[in-house]
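> My questions concern the predicted model and sequence given below.
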Amino acid sequence: MKFAKLVVASHNQGKIKEIKQMLAPYQVDVVSADDLKLPDVEETGKTFEENARLKAETLAKMSGFYCLGDDSGLCVNCLDGKPGVYSARYAPNRDFDKAMDMLLDEIKATGSKDRSAYFSCVLAVAKPNGRTKVFEGRVNGSIAEKKSGSNGFGYDPIFIPEGYSKSFANFTNEEKNAISHRGRAFQKMIAEIFKEKKKS
Ligand code: IMP
């Protein structure tokens, strides 16, 4: 893929900063939807991939530049994959402390002993008037009995990744990025699209 500019289909400054940092070693000018006065694209898809594609393809068409869209969330198996694509909207007024309590109550109410869950992140890179490439990263784990830790964001305090006995909220950023759904999706995207663009 030959392109010099990549538009991130997001208005979330934290996310844009993180993406800029991850792509800093590569020859690509990362700009946000805000920078180009592009609108917010509503997440109307039923899957992470649909939402990631929707954001990337809509803004690639509008701007004429290559565009990166992403979507992510937590899927709990005994709740049939809930909250899934609704992970952000599941939190009342973006209060994730409350959302985690609600989720723990919902799991308890099922009576199930199965606490397995996974985080998924899908990245879509859309070419204006062309094909879209999609990359998925996933991390399996389980839902803790109670919240612990203060790092990270969202559902981190109740998610224990497979092979560990502490929640994501007890990991440093670097430790989490090395095994997280987002980190894995980025590693795949970089290997396929950005490797050849490494700054010398
Ligand atoms: P979005 O990908 O910006 O739409 O966000 C999806 C939602 O999923 C976030 O608001 C978080 O609640 C949740 N989520 C996604 N990734 C993580 C993570 O790494 N840790 C905790 N929660 C996450």
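Received it, and whenever you're ready, just let me know what you need.

> For residue 58, which non-adjacent residue is spatially closest?
residue 41 (4.8 Å; CB to CB, 6 or more residues apart in numbering). (C-beta placed from N, C-alpha, C; glycine too.)

> Check whether the one you found really touches residue 57, as I assumed.
No. Applying CB atoms under 8 Å as the test, residue 41 and residue 57 come out as separate, 9.1 Å apart.

> shared neighbours of these two, anything?
Counting by CB atoms under 8 Å, 6 or more residues apart in numbering, the common neighbours of residue 41 and residue 57 are residue 69.

> what pLDDT does the residue of the chain found nearest the ligand get?
At 2.5 Å from the ligand, residue 154 is the closest residue in the chain, using CB to the nearest ligand atom. If you check residue 154, the pLDDT there is 94.

> In terms of secondary structure, what does the helix or strand that contains residue 141 contact?
For residue 141, the host element (DSSP states H and E) is strand 132-143. Packing contacts for strand 132-143, counted by 3 or more CB pairs under 8 Å, 6 or more residues apart in numbering; DSSP states H and E, involve helix 48-63, helix 96-110, strand 116-126, strand 159-161, helix 181-189.

> switch to 10 Å and redo it
Here strand 132-143 touches helix 48-63, strand 66-76, helix 96-110, strand 116-126, strand 159-161, helix 173-179, helix 181-189, going by 3 or more CB pairs under 10 Å, 6 or more residues apart in numbering; DSSP states H and E.

> In a markdown table, list those along with mean neighbour count and distance to residue 149.
Putting the helices and strands packed on strand 132-143 into a markdown table (neighbours: other CB atoms under 10 Å; distance: least, CB to CB, whole Å) gives the following:
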| stretch | mean neighbour count | distance to residue 149 |
| --- | --- | --- |
| helix 48-63 | 22 | 25 |
| strand 66-76 | 25 | 15 |
| helix 96-110 | 16 | 12 |
| strand 116-126 | 23 | 15 |
| strand 159-161 | 21 | 10 |
| helix 173-179 | 14 | 11 |
| helix 181-189 | 20 | 18 |
